[in-house]
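*Asks:* Give me coordinates for this.
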Amino acid sequence: MLLALISGFGLSQAFRTITAIMATGLQAEFGLSAQALGVFAGAFAFAFGTMQLFMGIGIDLYGVRRTLLVAFPLAIAGAVLSALAPSYGGVLLGQVLIGVGCAPAFLVCTVFIARYFPARRFAMVSGVAMGVGGLGMLFTGTPLAWLVQLSSWRMGFAVLAGLAVLAWLLIFWKVHEPVQQPTHDAPPRESVLQAVRGFGALFLLPHTAGIMLLALTTYASFLTLRGLWLGPLLIERHGYSLIASGNVAMLSSLVSLFTPALFGRIDPGPGKRRSWITGFTVLLAALFGAIGLLHAEWLDVAGSIAVGLLSGYMVLQYSDVRSAYAPAVTGRAMAVFTMALFLGVALMQWVTGVAASIAAAQGADPYVAVMLTIAGMLAAGALAFRCLPAPAH
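*Replies:* Below is the predicted model of the structure:
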């Protein structure tokens with residue numbers, strides 16, 4: 001059942017990283033500015049992030065299977081709309097539909113793992129799930145670049161729509177909720193209003209702010225590079241072809257498949273975990289700063305691969321959330337955390353698009369502005385995580 005759920009997550013990973021390969025085709029057909037491209041990339045993440053609360057309620061009240069089967073067809077519809085879109089507005093609406101449809105994709109995996117695996121194995125199994133689901137990003141490297149160069153960016157959306165249909169059918173076939181016998185002393189199921197109030201209570205806890213502020217920046221940094229700026233950076237700064245930039249994107253994705261499971265296995269536990277998270281975030285910020293300032297081809301290539309390598313530490317954030325909240329609200333805590341992750345992606349992709357447009361208008365290198373913006377946001381997130389109250393584990 002977990003592997004079937006991961007197939008949906010894999011498609012979500014593919015959808016959220018298409019812009020780096022499709023960017024040049026979209027810009028050529030619709031005449032998009034860097035800022036418009038950032039809005040396009042951020043539309044998926046914004047829709048994905050804002051729907052997390054509702055998906056968390058759906059999972060808590062109606063279960064993993066039903067929530068995903070109802071939502072995921074919207075992603076299929078969005079991909080079909082994008083493939084046929086006559087204008088920028090059409091593909092933008094398609095991105096929003098895809099984001100809403102994919103919103104429960106990883107959340108159902110984390111909640112499933114939290115419910116059906118022992119707590120001591122949560123980080124390791126979550127890391128494996130993230131790694132296997134990351135196979136979706138491999139498609140948006142060399143294979144998608146080859147497909148787009150051979151046909152068009154529209155064909156990329158069409159193929160992803162077909163794969164999403166297959167994933168939905170697999171989940172419908174394989175995933176089921178455990179049969180629970182009714183008991184007289186079981187508490188009544190919450191209403192939707194009570195579930196919403198439960199989400200509100202999470203925000204009143206003092207340690208939520210630091211966790212969420214860091215969450216806004218970490219995964220966003222990886223996805224903003226891999227899913228938006230990597231292709232344009234290599235093509236415009238170093239003259240790479242679309243397929244050559246796709247090869248680098250695939251290498252970055254490939255190493256990101258294995259490191260979540262590695263970090264999950266070496267998770268140091270609640271005592272040292274938060275220090276590890278802070279340290280790796282600062283290291284990631286320094287790497288983005290170097291990519292922005294040094295203009296070295298080898299560093300831009302190796303640095304993007306290193307970002308994929310370091311992205312594995314982000315699984316420790318899930319473990320931190322898992323241990324910071326009571327088991328009864330695990331689904332909601334994961335939903336709020338995932339919401340912060342993807343609102344952060346939308347925010348960072350939009351902000352970096354604005355930074356690139358301003359830099360270009362001033363005659364400066366837009367990619368210096370992009371990378372330094374990412375580095376600054378990572379540093380601010382690490383500072384908030386370090387200085388704000390920590391959970392009493």
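
*Asks:* packing partners for the lowest-mean-pLDDT helix or strand in the chain?
*Replies:* Taking mean pLDDT, DSSP states H and E as the measure, the chain has helix 192-204 as its least confident helix or strand, at a mean of 77. For helix 192-204, the packing partners by 3 or more CB pairs under 8 Å, 6 or more residues apart in numbering; DSSP states H and E come out as helix 52-62, helix 330-361. Using the backbone N, CA and C atoms, a C-beta is placed for each residue, glycine as well.

*Asks:* list the contacts for the closest residue to Y88 other than its chain neighbours?
*Replies:* Counting by CB to CB, 6 or more residues apart in numbering, the nearest residue to Y88 once its immediate chain neighbours are dropped is F30, at 4.4 Å. Remark: with contacts taken as CB atoms under 8 Å, 6 or more residues apart in numbering, F30 is in contact with 36, 87-88, 91.

*Asks:* low pLDDT regions in the protein?
*Replies:* 178-192, 195, 393 (pLDDT under 70).

*Asks:* Helix, strand, or coil at L254?
*Replies:* For L254, the secondary structure call by DSSP: H, G, I helix; E, B strand; the rest coil comes out as helix.

*Asks:* Quick check: it vs I243, distance?
*Replies:* 16 Å (CB to CB, to the nearest Å).

*Asks:* Likewise for L294?
*Replies:* Following CB to CB, the distance that separates L294 from I243 is 25 Å.

*Asks:* next helix or strand past the least confident helix or strand of the chain?
*Replies:* Of the helices and strands lying after helix 192-204 in sequence (DSSP states H and E), the nearest is helix 208-215.

*Asks:* And that next one, how far out from the chain middle?
*Replies:* Centroid separation for helix 208-215 versus its chain: 16 Å, with CA atoms, centre = their mean, to the nearest Å.

*Asks:* now do stretch 266-277
*Replies:* 22 Å.

*Asks:* next one: stretch 377-390
*Replies:* The offset between the C-alpha centroid of stretch 377-390 and the centroid of the whole chain comes to 20 Å, using CA atoms, centre = their mean.

*Asks:* For it, list the C-alpha coordinates in PDB.
*Replies:* Provided in PDB are the C-alpha atoms of stretch 377-390 (Å, rounded to 0.1, in the frame of the first residue of the first chain):
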ATOM      1  CA  MET A 377      16.200  33.300   3.200                       C
ATOM      2  CA  LEU A 378      17.900  30.100   4.300                       C
ATOM      3  CA  ALA A 379      20.000  32.000   6.900                       C
ATOM      4  CA  ALA A 380      16.900  33.800   8.200                       C
ATOM      5  CA  GLY A 381      15.100  30.500   8.600                       C
ATOM      6  CA  ALA A 382      18.000  28.900  10.500                       C
ATOM      7  CA  LEU A 383      18.200  31.900  12.800                       C
ATOM      8  CA  ALA A 384      14.500  31.700  13.600                       C
ATOM      9  CA  PHE A 385      14.700  28.000  14.200                       C
ATOM     10  CA  ARG A 386      17.700  28.500  16.500                       C
ATOM     11  CA  CYS A 387      16.400  31.500  18.500                       C
ATOM     12  CA  LEU A 388      12.600  30.800  18.900                       C
ATOM     13  CA  PRO A 389      11.300  28.400  21.600                       C
ATOM     14  CA  ALA A 390      12.000  24.700  21.000                       C
END
